[in-house]
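*Asks:* With the sequence up front, the predicted model follows.
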Amino acid sequence: AILDKVFTNCVDWITDPCQQFSIKLILEWLLARLALRCETMKRRLIIQERIFATKRIGSVSSWINMIVLMARADADKTSIPQFVELILPWTTAQNFAVRCTAIAAIRLLYDAMNSEDKERCHLIAKIVKFDGEPSGNSQRIIDNLVADFYFGHLHPVKHFDMQTIFVVLPSKTGMPPEELIPNELLQVGFVLVLQLIL
């Protein structure tokens, strides 16, 4: 019951048009981690696609981010083709941000596929390697998304540490350096926690 409330609140907060970007990243990460721990939550997150689209089309980008996080956590990469199929229709979205996010996600997932899946999904290569408008705004945005730590590299399990949560993610959301918790303070806190435990 508690996890249901957490899940529902996270979805409501992500789809809230007034919600700050920095909060959405943490909520996406939390939902992806819930989905990775529980198959029911995973199925529930996957079917949220239409709810995100109906409530606020821009929040589909958050849904795509969560699908990418789940795919990145798949150690043997066998579920990546299914995740690609979920995201693929959004590469044709009229909403510019959603379309760019979907194309960047497909590029990342295609690169992570094993070679057998790449052969079966050879048409996907045409989408991810398309460079027909090299000076276009969309290409620049897609390249920036792929290079971004949160979207392109964050692993929902391996990067679950205090430095990522309190320093890396906040800095990626535009928080000024003077408002970040310095690494030295995090290290002192870690030492204090260890002393309490031991």
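*Replies:* Good, I have the coordinates.
*Asks:* What average pLDDT does whichever strand or helix holds residue 196 get?
*Replies:* Taking DSSP states H and E as the criterion, the element that holds residue 196 is helix 183-197. Helix 183-197 carries an average pLDDT of 83.
*Asks:* Check the offset of it from the chain's centre.
*Replies:* Computed by CA atoms, centre = their mean, to the nearest Å, the chain-centroid distance of helix 183-197 equals 29 Å.
*Asks:* which residues sit against that helix?
*Replies:* 162-163, 166-167 (CB atoms under 8 Å, 6 or more residues apart in numbering). Where C-beta positions appear, they are placed from N, C-alpha and C, glycine not excepted.
*Asks:* Got the phi and psi for the residue nearest to residue 27 when sequence neighbours are not counted?
*Replies:* Ranked by CB to CB, 6 or more residues apart in numbering and with sequence neighbours excluded, the top spatial neighbour of residue 27 is residue 10, at 4.7 Å. Main-chain dihedrals, residue 10, degrees, to the nearest 10: phi -60, psi -40.
*Asks:* Next: residue 17.
*Replies:* When read as degrees, to the nearest 10, the backbone of residue 17 gives phi -60, psi -20.
*Asks:* close enough to count as contact, it and residue 56?
*Replies:* Yes. Between residue 17 and residue 56 there is a contact at 5.5 Å, judged by CB atoms under 8 Å.
*Asks:* More neighbours: which of those two?
*Replies:* residue 56 (15 against 8; other CB atoms under 10 Å).
*Asks:* Got the phi and psi for that one?
*Replies:* Residue torsions, per degrees, to the nearest 10, at residue 56 are phi -160, psi 110.
*Asks:* Looks like it contacts residue 18 (just checking).
*Replies:* No. Residue 56 sits out of contact with residue 18 when judged by CB under 8 Å, with a separation of 10.3 Å.
*Asks:* Where do the domain boundaries of the protein fall?
*Replies:* 2-160, 161-198 (automatic domain parsing).
*Asks:* In the last one, which residues are buried?
*Replies:* Spelled out, it's domain 161-198. Residues of domain 161-198 classed as buried by neighbour count (16 or more other CB atoms under 10 Å): 164, 166-167, 169-170, 172, 186.
*Asks:* now that domain: how far from the chain's centre is it?
*Replies:* Here domain 161-198 is found 21 Å from its chain centre; the criterion is CA atoms, centre = their mean.
*Asks:* what ranges do the helices span in this protein?
*Replies:* Listed in chain order, the helices of the chain (DSSP state H) span 2-15, 21-37, 39-46, 49-55, 60-72, 80-87, 96-112, 115-120, 122-128, 137-147, 162-163, 169-172, 183-197.
*Asks:* Now distance to residue 155 too, for those helices, in a markdown table please.
*Replies:* Shown next, in a markdown table, are the helices of the chain (distance: least, CB to CB, whole Å):
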| stretch | distance to residue 155 |
| --- | --- |
| helix 2-15 | 19 |
| helix 21-37 | 10 |
| helix 39-46 | 17 |
| helix 49-55 | 23 |
| helix 60-72 | 6 |
| helix 80-87 | 14 |
| helix 96-112 | 11 |
| helix 115-120 | 20 |
| helix 122-128 | 21 |
| helix 137-147 | 15 |
| helix 162-163 | 14 |
| helix 169-172 | 13 |
| helix 183-197 | 19 |
